[in-house]
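1. Predicted model and sequence follow; I will ask about them next.
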Amino acid sequence: MTRRTITIDGNEAAARIAHLCNEVVAIYPITPASPMGEHADAWSAEGRKNLWGSVPRIVEMQSEGGAAGVIHGALQSGALTTTFTASQGLLLMLPNMYKIAGELSPTVFHIACRSLAAQALSIFGDHSDIMAARSTGFAMLGANSVQQVMDMALIAQAVTLQSRIPILHFFDGFRTSHEIARIEEVDEETARAMLDDALIAQHRARALNPEHPVIRGTSQNPDVYFQARESVNPYYLAMPQIVQQCMDRFAALTGRQYKLFEYSGAEDAERVIILMGSGVETALETMDELNRGGERIGVLAVRLYRPFDAVQCIAALPSTTRAIAVLDRTKEPGADGEPLYKDVATALLQQFTAGKAPFDQMPKLIGGRYGLSSKEFTPGMVKGIFEELGKVEPKCGFTIGINDDLTHSSLDWDDGFRTAATTNTVNALFYGLGSDGTVSANKNSIKIIGECTALHAQGYFVYDSKKSGAVTVSHLRFGPQPIRSSYLIGDGDAQFVACHQSVFLERYDMLDKAASGGTFLLNSDQPVDQVWATLPRKMQQQIIDKQLKFYLIDAYQIASQSGMGQRINTIMQCAFFVLAELLPMEQAINAMKSAVEASYGKRGSKIIEMNFAAIDASVNGVHPVTIPANADSVIEKPPTVAANAPEFIQQVTAEIIAGRGDNLPVSRLPADGTYPNGSSAWEKRNLALEIPVWDEELCIHCGKCPFVCPHGVIRSKVFDPALTGPAPPSFKHVPIRGKEFPEGWHISYQVAPEDCTGCGLCVDICPVKDKKVDGRRAINMAPQPPLREQERDNWDFFLTLPEYDRTSLTFSKMKEAMITQPLFEFSGACSGCGETPYLKLASQLFGDRMVIANATGCSSIYGGNLPTTPWAKNNEGRGPAWNNSLFEDNAEFGLGMRVAINKQRDYAYDLLHRLKGEIGSERIEALHNAESTTEAGIRDQRERVEELRAQLKTIQRPEARWLEAVADQLNRKSVWIVGGDGWAYDIGFGGLDHVLASGEDVNILVLDTEVYSNTGGQTSKATPRGAVAKFSAAGKASAKKDLAMIAMSYENVYVAQVAYAARDVQTLKAFAEAESYPGTSIIIAYAPCIAWGNDLADNHQMQDLAVRSGHWPLLRYDPRRHEQGLNPLQLDSKAPSIAYRDFVGNETRFNMLWRSHPAEAEQFLNASQHEATARYHHYQQLASLDDSPAENDKE
Amino acid sequence: MDLRTQYLGLELANPLVPSASPLSRDLDMARRLEDAGAAALVMYSLFEEELELHNGMAREHQLVHAEAQSYLPVHPHSGHELDNYLEQIAGLKQALDIPVIASLNGVSLTGWVENGKLLAEAGADALELNIYSLATDIAIDAGQVEQEYLALVSELRGVVEIPITIKLSPYFSALANTVSSLESAGVNGVSLFNRFYQPDIDIDTLRVSPRLQLSHPGDTLLTMRWLGILHGKVDVSLAATGGIHRAEDAIKMLLAGADITHLCSALLLHGPNRLTEIRKGLELWLEESPYDSVEELKGTLAHRHSGDDSAYARASYVRMLGGYALNPTQWGPN
């Protein structure tokens, strides 16, 4: 029977079975598991039914903890229930998992395994998360490839119903969850044959039901708890056999046979590696290669990890086994081995001492770690481990894949080792931008090849750590056999290398990857006879040495001529098909055109015509480049960072930027996760095609452009013009307008040309219009390349100018506030980001005294993702001190900081008094009663503390030493609790609420993008009604939570709701007021996001419409006003002046629902219109209440 | 009472026709409108910009990084807007007995002919063109603007056989002449008037800002006036649109000369039942009026029955202004 093949990734494979076999799906977003929930939600939104003809109900919860609660309840009520998660999400489910397993409730949790946050967060794959769930009572069943994910998902479903034991079905995050592969589909018929209706009926019969009530979840005491805990043993003992039976049934249906422990290799192998997960595939591929070369080795893949069947495990080993290495993809600091190793060790001991082992001599056993956080695991590494096993005294507790020069745990491996798989497949690499469609085009190519040819296909995509200007490298393999290579395409292995952006030529050594005789395709606007000279010398030499075929395409020109604008994805895809010759060109063209029609419809659409034209033009647009005999380029790869960068930046940061982070030895990395501030300034990314240019003659010095700049690249300084002697000739500066500055002083607005992302929002906000030239403003965009060097010099000079004296600035005035130095600069946030201007503003106003607790999310990623981070220091060395704890605990994390600071400050006061005799009461008095609400007051106190420090050095008492350690706490500290709406409205709301109630002096900044932005735009309780987001594919049915109103109900909390581009001065005032308020403050900041589907070039207009429509009323609630007899609430925006329809009509997140679900969209719109009007009216009434004491007294 | 009326050569059961609005996106809602008494249905507009919107959306979906391979969910049913529109015509034709009028809304004067042809082929009973084009170019004179309208209509007339009506703005120097020329070019009806987006200026943010666009009861005077002027002078069908919220509004339009009256804001605000109320109101009024049918009452108070139009209008204007009573006490303190 020919089975249908499909080309999908691991997440989709799991989600298809989960959706098919369940009724209730409780979800919450977390990378890399989110796409499973997104698929499930989208399918239910379109009415896709499960095996029993009903559409599964998708429930998004406020956290994974919440999802687990729903699952527990749904299982107790008899529904077939599932979820998807990873990492911290799984940790949050742990308490419920004990309950679910304790009550023998059948369910499957699908886990895309991911690292846990320790010294740092990592979104990438390893087994740390599932290993933390070992003791819950859940069974653990692993899948090693995309095919196996689909297979195991169904097998797990069948097993859990029969065994009653819940199952974690796990597969490696990214490597398997995000790998696209051509697989055989597990169809409905197979699922139906695997799932026994009688077992489902039994599950339902066990449910809580008042028709035949029982009580479950009792509280037990010392007399019976223990026995009851042991009562489940028969179920666990029976389970391995049930799993094997289900696997056998599955094999009969599909021809794919699985076992609990799968041994492969020589029957007389002496050396065996035991492992689980995607690494198995690489180990198998390598083992085959080595055995073909005459080795006698084997691999034992663990499929069912819990319950761990020790008998089967050891019985699966050949009797000739002499040495075993057990590999764990996790780390347990302080343990004498990782979990799988220890399980195998115990099993070995048990079976051997019982005389049940297949061998008569106890094998050597070593354990080691590999692949943490998706670290590559290659055939060379597998070979290295087998070689280690051949040694007389193999290393135990080893690591492989890193250079541990600290504790020397690492094994050596041969980086150049290759298996036959390398040459049996066509390996293709594509270097593109996250924004140029390279990834989507490659996904499409894989589908075309998977569907139109007999070839097997694999696609894996590597992204860099930035959001704006992210570089993507697509690794594609095609071959006649199933592809098991679960590692990246290595050096010298790619028969095809495509460079989709010519700017990468100077940045990446992409031809290191090219195989001899391979093909290099470059997208460049250079003429075919001149393009050679634009390559760096190293690249030229590689083309000559490797005898590469070099082809050129001007994709941007073809795109432009065919009306596709800047979209080159289809063109580059077409060029690949032309050169790779994997299928007849005519077939490829037809398939590409079909894909275009599938995306954009069939009839009369311009975009289809444009795509078709681009495809046709691309076929003839690929030109061979004649390769000269010699490399003669004068272009050398520029240094990664400037020569004057600090040592750490040179030795660590620059290596990571250059893509050599894998080579950094352990000793170079900080043990506790501490990194220097301000590293982003050293990474010059040159992303912008155009940068702003200041017109000093038109400018009125309003300060709006630096205010809105999301990346802190446009700055203003006011200075004595006498300092401009050494300035480059093109450095612009003019006398500043306004009497608040010293007479004759100048102002300059300067752009950091290599850090700008080119969003153009500075131009958009500029209020000055050139009366002579239409459309021209006081700041205008101009091409970056011709300006780069000149402006780089100007920027460098600008940085040497002194900062203006902060104590003489009025921060409530935009012009003056914007003269301050941003201590948040050049982040990796999206171009035009709506969040970052708020952080930059806070850093300007309070950066020198900020301590920041940052919830996980976009702001923790662009704020703290290596290699470079944006939180900086001022010239005095002061700046924001930043940390990210978790997603769910951020308010508490910040509160802890405040409590600690206050405690140490009070202790410092105490010590001051204890040292009264030595210090003198006058100084103590001054330190204790310091005014620290103004810049001058803060400066004076810092000077006092320095004087104190000097004095303490002279005092020989223990208290003096103690005081030295806490004296800094006498300086004002501004604690900021920063996070997105996912944190504040959902997962962290309980903690946030508690902190709001605490009255402690913390400032909470909620960057409200109205979705979980970082994980790709899932619905939060901040998502407005009627908006389409992931997990609300049919539009969010409920209204947005009014967080401001909740916060105001405490009455002693400072609350502001702001939108910086709608009323900038209101935002400025709110920040100053919040920070000065000596209690809890919360600022809820409207932040347009790329996840809304609009171009962020319209960021400001979107804010404006949100405010005008009443969607986002601006307000400030200051409890201090109450003391003055004033109403604390000030409504800063006018009554809605446009229809809600006009607000939502401009935003894709809303208007796409008008196409997919028009009736619902209309209902949502009507409800939202009513709410917007009513909410404003309600606020208006609150703001107009008479708050004078006299009035209140009357009542 | 006989409520029937002739519009674009179609015989309608009454003169109440929901105009282009999102209500026609949903088949159930369309059925409810028919049940409520709608005599025909103008579909929601196929916007020229919408056809290009997919372009933009496709671009945004490509902004990817490790944690987000996409942002918005992709609906399998949210295909191209034109495809959806054509399918909706077919769906409405199947679901309804009343005529279905397709509506094209564009800012440019290109691309209409091909789309118009597709709409006709999909089964639309008539075509309404809504040209949202402000003449902002000082190099283009009024004659050129009108010529473009006429060329468009002529070209479209050449490829579709179904009736064509055009929604006009009031901003023509010689509206009566323009309508007459359009008639010669082949239109079967005109709809008065299109409401242009009228931006306001916000002095706080220094931005140009949009304003509320829904019509209000009473926004009918300009339309009424021009219906009155055109009635009897041209042979095309006349539709009144904008501000018709009550039976009284509809009756006035009919008296002024409209063949049908369009309802939009009233239905969006109050639902399909409002249509029933207006129809009942019309019936009731007709019973008490000297007329037995809508055909009889149409245009009885058109300006041609009031002598010299311009003199009549001018005289009214003079009386109105002169009669305005100043009341300085309302002005507040000096």
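-> Sure, I can see it. Numbering: from 1, shown residues only, chains lettered A, B, ... in the order given.

2. confidence score at the residue lying closest to B:V64 once chain neighbours are set aside?
-> Residue nearest to B:V64 in three dimensions, not counting chain neighbours: A:G434, with 4.7 Å by Cβ to Cβ, 6 or more residues apart in numbering or on different chains. All C-beta spots, glycine's among them, are computed from the backbone N, C-alpha and C. Per-residue pLDDT puts A:G434 at 83.

3. try B:G111
-> In this model, B:G111 carries a pLDDT of 67.

4. Same question for A:T674.
-> A:T674 is given a pLDDT of 97.

5. Neighbours of it, how many?
-> 8 (other Cβ atoms under 10 Å in any protein chain shown).

6. what's the lengthiest helix in chain B packed up against?
-> Longest helix of chain B, by residue count under DSSP state H: helix B:142-159. Packing partners of helix B:142-159 (3 or more Cβ pairs under 8 Å, 6 or more residues apart in numbering or on different chains; DSSP states H and E): helix B:112-121, strand B:126-131, strand B:164-168, helix B:175-185.

7. Mind putting the ones you listed into JSON lines with mean neighbour count?
-> Formatted as JSON lines, these follow (neighbours: other Cβ atoms under 10 Å in any protein chain shown):
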{"stretch": "helix B:112-121", "mean neighbour count": "19"}
{"stretch": "strand B:126-131", "mean neighbour count": "24"}
{"stretch": "strand B:164-168", "mean neighbour count": "24"}
{"stretch": "helix B:175-185", "mean neighbour count": "17"}
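
8. do you know which of those lies nearest B:L41?
-> In terms of Cβ to Cβ, the element of the helices and strands packed on helix B:142-159 nearest to B:L41 is strand B:126-131, at 10.7 Å.

9. The closest one and chain A, are they touching?
-> No - taking Cβ under 8 Å from any Cβ of the partner chain as the criterion, strand B:126-131 and chain A are apart, separated by no less than 15.3 Å.

10. quick one: strands adjacent to that strand?
-> Strand pairing for strand B:126-131, determined by DSSP bridges: strand B:100-106 (parallel), strand B:164-168 (parallel).

11. Could I get the pLDDT score of B:E52?
-> pLDDT, B:E52: 57.

12. A:N971 now?
-> 97.

13. Might you report the residue contacts of the residue nearest the centre of chain A?
-> By Cα atoms, centre = their mean, chain A has its centre lying nearest to A:N1014, at 5.5 Å. By Cβ atoms under 8 Å, 6 or more residues apart in numbering or on different chains, A:N1014 lies in contact with A:31, A:856-858, A:860-861, A:980, A:982, B:67-68.

14. Any chance of a markdown table for those, columns neighbour count and pLDDT?
-> Converted to a markdown table, the contacts of A:N1014 look like this (neighbours: other Cβ atoms under 10 Å in any protein chain shown; pLDDT from 0 to 100):
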| residue | neighbour count | pLDDT |
| --- | --- | --- |
| A:T31 | 23 | 96 |
| A:T856 | 28 | 97 |
| A:G857 | 27 | 96 |
| A:C858 | 31 | 96 |
| A:S860 | 25 | 97 |
| A:I861 | 24 | 96 |
| A:G980 | 33 | 98 |
| A:G982 | 33 | 97 |
| B:E67 | 20 | 88 |
| B:A68 | 26 | 87 |
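
15. Let me know the closest of these to A:D755.
-> Nearest member of the contacts of A:N1014 to A:D755, counting by Cβ to Cβ, is A:I861, at 18.0 Å.

16. ok, for the closest one, nearest residue in space, not its chain neighbours?
-> Nearest to A:I861 is A:N1014, by Cβ to Cβ, 6+ apart, at 5.8 Å.

17. distance from the centroid: which residue in chain B tops it?
-> Largest centroid distance in chain B under Cα atoms, centre = their mean is B:A66 at 47.9 Å.

18. Touching, that residue and A:T31? I think so.
-> Yes - in this structure B:A66 lies within contact range of A:T31 using Cβ atoms under 8 Å: 7.3 Å.

19. ok, A:Q573 - how many residues close by?
-> Count around A:Q573 with other Cβ under 10 Å applied: 26.

20. Show me the contacts of A:N1014 that map onto strands.
-> Among the contacts of A:N1014, the members falling in strands (DSSP state E) are A:G980.

21. out of the contacts of A:N1014, which one sits closest to A:D1095?
-> B:A68 (16.5 Å).

22. and the nearest residue to that closest one once chain neighbours are set aside, what element?
-> Nearest non-adjacent residue to B:A68, counting by Cβ to Cβ, 6+ apart: A:G1016, 3.3 Å away. For A:G1016, there is no host helix or strand (DSSP states H and E).

23. residues touching A:R1120, list them.
-> A:1054, A:1077, A:1128.

24. got the residues you listed as a markdown table, with pLDDT and neighbour count columns?
-> Formatted as a markdown table, those follow (pLDDT from 0 to 100; neighbours: other Cβ atoms under 10 Å in any protein chain shown):
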| residue | pLDDT | neighbour count |
| --- | --- | --- |
| A:Y1054 | 98 | 26 |
| A:Y1077 | 97 | 19 |
| A:P1128 | 97 | 22 |
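
25. Closest one to A:N442 out of those residues, please.
-> Closest to A:N442, out of all of these and judged by Cβ to Cβ, is A:Y1054, at 50.0 Å.

26. check contacts around that closest one.
-> A:1073-1074, A:1077, A:1079-1082, A:1116-1120 are the contacts of A:Y1054 under Cβ under 8 Å, 6+ apart.

27. Which positions in the stretch 701-850 of chain A make contact with chain B?
-> So far as Cβ under 8 Å from any Cβ goes, the stretch 701-850 of chain A lies against chain B at A:767, A:830.

28. at 10 Å instead, please
-> For the stretch 701-850 of chain A, the residues in contact with chain B (Cβ under 10 Å from any Cβ of the partner chain) are A:702, A:704, A:765, A:767, A:828, A:830-831.

29. how about these, which pair is most distant?
-> A:P767 and A:G828 (29.7 Å).

30. Neighbour count: these two, which is higher?
-> It is A:G828, of A:P767 and A:G828, that has more neighbours when counted by other Cβ under 10 Å, with 27 against 13.

31. So that one is in contact with A:G863, correct?
-> Yes - here A:G828 reaches A:G863: they are 9.0 Å apart, a contact under Cβ atoms under 10 Å.

32. what is in contact with those two at once?
-> A:680, A:869-870 (Cβ atoms under 10 Å, 6 or more residues apart in numbering or on different chains).

33. what distance separates stretch A:888-897 from the centre of its chain?
-> 21 Å (Cα atoms, centre = their mean, to the nearest Å).

34. sorry, that was for stretch A:518-531
-> For stretch A:518-531, the distance to the chain centre is 34 Å (Cα atoms, centre = their mean).

35. Repeat that for stretch A:709-725.
-> The answer for stretch A:709-725 is 34 Å, by Cα atoms, centre = their mean.

36. Report the buried residues of it.
-> Using 16 or more other Cβ atoms under 10 Å in any protein chain shown as the test for burial, stretch A:709-725 gives A:709-719, A:723.

37. Show me the two of the residues you listed that sit farthest apart.
-> Largest separation among the buried residues of stretch A:709-725 by Cβ to Cβ: A:P710 and A:L723, giving 29.3 Å.

38. on that earlier part again, do I have it right that the residue nearest to B:A68 meets A:P35?
-> Yes - A:G1016 lies in contact with A:P35 (Cβ under 10 Å); the separation is 8.1 Å.

39. between the two, which one's more packed in?
-> A:P35 (27 against 24).

40. helix or strand for that one, which one?
-> helix A:34-45.

41. elements contacting that helix?
-> Secondary-structure packing of helix A:34-45 (3 or more Cβ pairs under 10 Å, 6 or more residues apart in numbering or on different chains; DSSP states H and E): helix A:10-20, strand A:24-27, strand A:57-60, strand A:81-85, strand A:108-113, strand A:1018-1019.
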